[in-house]
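*Asks:* 3D, please:
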Amino acid sequence: MWNIRTAALVATLLALLVSACTSGGGGASPSTAASAAAGTSPSTAVSAAPSGPSIASTLVLGGPPECPQRPFCLLGLQETYGLEFKEFVPLDTAGPLTIQALTSGQIQVGMLLTSDPAIATNDFVLLEDDKHLQLADNIVPVVRKSIVDANPGVATVLNTVISRLTQEQLTDLNKAVTVDLQSVPDVASQWIAAQNFDSVSAGIQGKIIVGSTNFYEQEVLGEVFAQVLASNGATVERKFQLGNREIVFPALESGEIDVLSEYAATALEFVNGGAGQATTDPKATTEALNVALTPKGLVTLDYAEATDQNGYVVTKTTADQYGLVRISDLAKPAS
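*Replies:* All right, here's what the predicted structure looks like:
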């Protein structure tokens, strides 16, 4: 997955140029597919049909060409939310074409990633997945068990960080790096200062190595972890941009790195070979991931509110016009 996300960073820059030319704004987009890694079908519960045409029936949905056949895209929106859109426009996978189509009004609902910096850049509104269509790709630290056993304060510190990481904050961190072009250490230190982590004092001892894949979001979170661990006494070494999961998970098991920021559902399906254990429940998915990691000498800590998975966005104008906050709002009567 990492290579798809990394390739999409190029699309991020293209999106900025495209959006600037068409609407005066900027957009950035990493790629997608993280949340669909398990291939598990979403809930088949269908919303009761509203009286009269629904809001969705007056709007155009845009997304990847395969969206109509995918359980986490249009098919899932129909089965889980009972939504029928006016039209579907095939575009790209959470990329610059979708961003341009939203800003130009070609479409009114688009599929992006939930932590996409284009959401903040263009003032899009991310609709809450209130019926839990998507698999739970919540941010979760994965740590070597020997590190946590030797220093229980590591779990305390990282769980404190995770407890403060909201969806909006993760998107803003990504925007600061990919759009505003601030350095990763500066972005991390600014966020840490704003969270008042000075109140945390864990007294950690010894060396801890924080790693990341080649995906910039994981590097930003890894830098946050590194700085907070260092401020609590640890001697921290950074090994970022190591490569994909086929590289970083063996590095975790061998002790080449000790801490990694991960995504619960995607990591679980990687570790269990795509066995389909990931669900839309972050607690259950994280617990299953922890069980799968135990034989490898690894543990998961708490999961964050923030996710990086398929999401559905609208412009602020559209959200205000129809009172849209949740995906289920699209099923309400149009008038």
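
*Asks:* quick one: mean pLDDT over the helix or strand encompassing Ser163.
*Replies:* Per DSSP states H and E: Ser163 is located in helix 153-164. For helix 153-164, mean pLDDT rounds to 95.

*Asks:* could you check how far that helix is from the centre of its chain?
*Replies:* With Cα atoms, centre = their mean, to the nearest Å as the basis, helix 153-164 stands 19 Å off its chain's centre.

*Asks:* span of stretch 120-137 from start to end?
*Replies:* End-to-end span of stretch 120-137 (Cα to Cα, to the nearest Å): 20 Å.

*Asks:* got the buried residues for it?
*Replies:* For stretch 120-137, a neighbour-count test (16 or more other Cβ atoms under 10 Å) marks 120-122, 124-127, 129, 131, 133-137 as buried. Placement of C-beta: from N, CA and C, glycine included.

*Asks:* sorry, back to before: so which residues make contact with the helix holding Ser163?
*Replies:* 139-141, 143, 147-148, 195, 197, 200, 202-204, 208, 224-225, 228-229, 232-234, 259, 301-304 (Cβ atoms under 8 Å, 6 or more residues apart in numbering).

*Asks:* hmm, Ala319 is touching Val325, no?
*Replies:* Yes. At 7.4 Å, Ala319 counts as touching Val325 under the criterion of Cβ atoms under 8 Å.

*Asks:* who has more neighbours out of the two?
*Replies:* Between Ala319 and Val325, Ala319 has the larger neighbour count (other Cβ atoms under 10 Å), namely 18 against 13.

*Asks:* counting contacts, what elements does the strand or helix carrying Gln100 pack onto?
*Replies:* If you go by DSSP H and E, Gln100 is part of helix 96-104. On a contact count with 3 or more Cβ pairs under 8 Å, 6 or more residues apart in numbering; DSSP states H and E, helix 96-104 meets helix 2-23, strand 60-63, strand 109-113.

*Asks:* pull the distance from the next helix or strand after the last one to the chain's centre.
*Replies:* Later in the chain than strand 109-113, the nearest helix or strand by DSSP H and E is helix 117-121. The gap between the average C-alpha position of helix 117-121 and the chain average comes to 13 Å, counting by Cα atoms, centre = their mean.

*Asks:* ok, Tyr216 touching Val177?
*Replies:* Yes. Using Cβ under 8 Å, Tyr216 is in contact with Val177, at 5.9 Å.

*Asks:* and for these two, which residues touch both?
*Replies:* With Cβ under 8 Å, 6+ apart as the test, Tyr216 and Val177 both reach Val184.

*Asks:* if we can go back for a sec, so the helix or strand that comes right after the helix holding Ser163 versus strand 109-113, what angle?
*Replies:* Following helix 153-164 in sequence order, the next helix or strand is helix 167-178 (DSSP H and E). Interaxial angle of helix 167-178 relative to strand 109-113 (axes from the mean of the first three to the mean of the last three Cα atoms, to 10 degrees): 70 degrees.

*Asks:* quick one: contacts of helix 167-178?
*Replies:* Residues from elsewhere that reach helix 167-178 (Cβ under 8 Å, 6+ apart): 9, 12, 28, 30, 114-117, 119-121, 126, 139, 182, 184, 187-188, 190-191, 216-217, 220-221, 304-308.

*Asks:* from those, list just the buried residues.
*Replies:* 9, 12, 28, 30, 114-117, 119-121, 126, 139, 184, 187-188, 191, 216-217, 220-221, 304-308.

*Asks:* just to revisit the earlier point, filter the buried residues of stretch 120-137 down to just the ones in helices.
*Replies:* Using DSSP state H, the subset of those located in helices is 120-121.

*Asks:* closest one to Thr103 out of the buried residues of stretch 120-137, please.
*Replies:* Nearest to Thr103 out of those is Asn122 (Cβ to Cβ; 6.0 Å).

*Asks:* how confident was the prediction at that closest one?
*Replies:* pLDDT, read off for Asn122, is 97.

*Asks:* over to it: give its phi and psi.
*Replies:* Main-chain torsions, Asn122, degrees, to the nearest 10: phi -100, psi 10.

*Asks:* what's the answer for Arg326, then?
*Replies:* phi -120, psi 160.

*Asks:* from Pro333, how far out is it?
*Replies:* Distance, Arg326 to Pro333, using Cβ to Cβ, to the nearest Å: 15 Å.

*Asks:* neighbour count: those two, which is higher?
*Replies:* Looking at Arg326 and Pro333 with other Cβ under 10 Å, you find the greater number of neighbours at Arg326, namely 14 against 11.

*Asks:* quick one: contacts for that one?
*Replies:* Counting by Cβ under 8 Å, 6+ apart, the residues that Arg326 touches are 127-130.
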